[in-house]
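> coords please:
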Amino acid sequence: MSDGNGYAVYFHPQALEVLGDAIKAYLLEGPTGPHVACREVDTGGSFVEMTLDGRDAQGQRVDLELIVPLNMVRMIVSARSEDRFGFAPRAAVPVEPALPPVGPTGAPVEAPSEAVPDTGSVGDAPVQTPGKP
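Just a heads-up that it's a prediction; the model follows:
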C-alpha cells in the first residue's frame, strides 16, 4: 500500500488473540488500531484473501497471500489517493467558481443588480403581453 492505494483490514480483538504471533508480523499500528495493509482483498466465500507486498530474504519483491476466516474481520477500509471519483473529466487543478469581489473592491450593497433585466423592455424593444395589443 505504499503507493497510496489499497486496503486496511481490521480484526476483532478476539481474532488477534487467537491468531497470536502468526499475525503479528503482518500488523501495522495506526491511530485507529492494529491492521493489515494490503493491495487486494477478496471477500467472496467464507475466507478473506488478502494480497500483500513483501520481500524475501534476498530483498526480492514477492506477493504474499494472507487468508483468514471471514468472521475474524471487523472492518475493511479502502485507502485511495485519488482526489476525485466519477465520470467527469479530471483537471490537474480544481476549478474554483468565480465569485464577485467583496470588501473595499466590491460594489456597494445598495448598487442595482445587473443579473435581473429591466422590467420595462428587453433591449431597445418594448415588452408586449400576449393577448393585449
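
> hang on, E17 is in a strand, isn't it?
No: per DSSP: H, G, I helix; E, B strand; the rest coil, E17 lies outside any strand segment and is helix.

> Can you give me the neighbour number for it?
Number of residues near E17 (other CB atoms under 10 Å) recorded here: 10. C-beta coordinates here come from the backbone N, C-alpha and C atoms, glycine included.

> Just the pLDDT for it.
Note on E17: pLDDT of 95.

> Tell me the secondary structure of G44, please.
Three-state call for G44 (three-state DSSP): coil.

> what's the spacing between it and L70?
10 Å (CB to CB, to the nearest Å).

> ditto for L19
Here the criterion is CB to CB. By it, L19 lies 14 Å from L70.

> So these two - more neighbours on which side?
With neighbours defined as other CB under 10 Å, L19 and L70 compare such that L19 has more, 15 against 11.

> Wait, that one touches M72, no?
Yes: using CB atoms under 8 Å, L19 is in contact with M72, at 7.4 Å.

> Fine by me, thanks again.
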